[in-house]
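Engineer: got a sequence here, can you model it:
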Amino acid sequence: GEVTILRVAERKGKPIAIQFDGPHGKAWMTTDVMEYVQFAKDDIDSQARVHLARVDGALTIMRWQAPTPAPTTELPF
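Structural biologist: Now for the predicted structure:
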């Protein structure tokens, strides 16, 4: 659902943690997908739509819908 990104915590040897405030209060989610980390850093103090699942006891990002389209790269084929 819609969440407000509060902070991003990078921890050596662990997935990156992202704190957010959502409809059920504040919580942390984790990811090791660097694109999601960059989206989170870009969206601090703003809203994003994320789809989460509980994996091994932690909220994990399954999909991130940014408010603006991600940049694309033209391929030569």
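
Engineer: surely Ala17 is within a strand?
Structural biologist: Yes. Counting by DSSP: H, G, I helix; E, B strand; the rest coil, Ala17 is part of a strand.

Engineer: how about it, what does it touch?
Structural biologist: Ala17 sits next to 8-9, 11, 28-30 when contact means C-beta atoms under 8 Å, 6 or more residues apart in numbering. Yep, even glycine has a C-beta here, placed from its N, CA and C like the rest.

Engineer: then Lys41?
Structural biologist: So Lys41 contacts Val8 (C-beta under 8 Å, 6+ apart).

Engineer: am I right that it is in a helix?
Structural biologist: Yes. The assignment for Lys41 by three-state DSSP puts it in a helix.

Engineer: same list (the contacts of Ala17) but as CSV, adding pLDDT, secondary structure and neighbour count.
Structural biologist: Formatted as CSV, the contacts of Ala17 follow (pLDDT from 0 to 100; DSSP: H, G, I helix; E, B strand; the rest coil; neighbours: other C-beta atoms under 10 Å):
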residue, pLDDT, secondary structure, neighbour count
Val8, 95, strand, 18
Ala9, 95, strand, 11
Arg11, 87, coil, 9
Trp28, 91, strand, 13
Met29, 88, strand, 24
Thr30, 86, strand, 19
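
Engineer: which two among those residues are spaced furthest apart?
Structural biologist: Farthest apart among the contacts of Ala17 by C-beta to C-beta are Arg11 and Met29. That separation is 13.6 Å.

Engineer: which stretches of the protein form strands?
Structural biologist: 2-9, 16-22, 25-31, 47-55, 58-65 (DSSP state E).

Engineer: returning to that earlier point: out of the contacts of Ala17, who's nearest Ser46?
Structural biologist: Comparing these against Ser46 with C-beta to C-beta places Val8 closest, at 13.0 Å.

Engineer: all good on my end, thank you.
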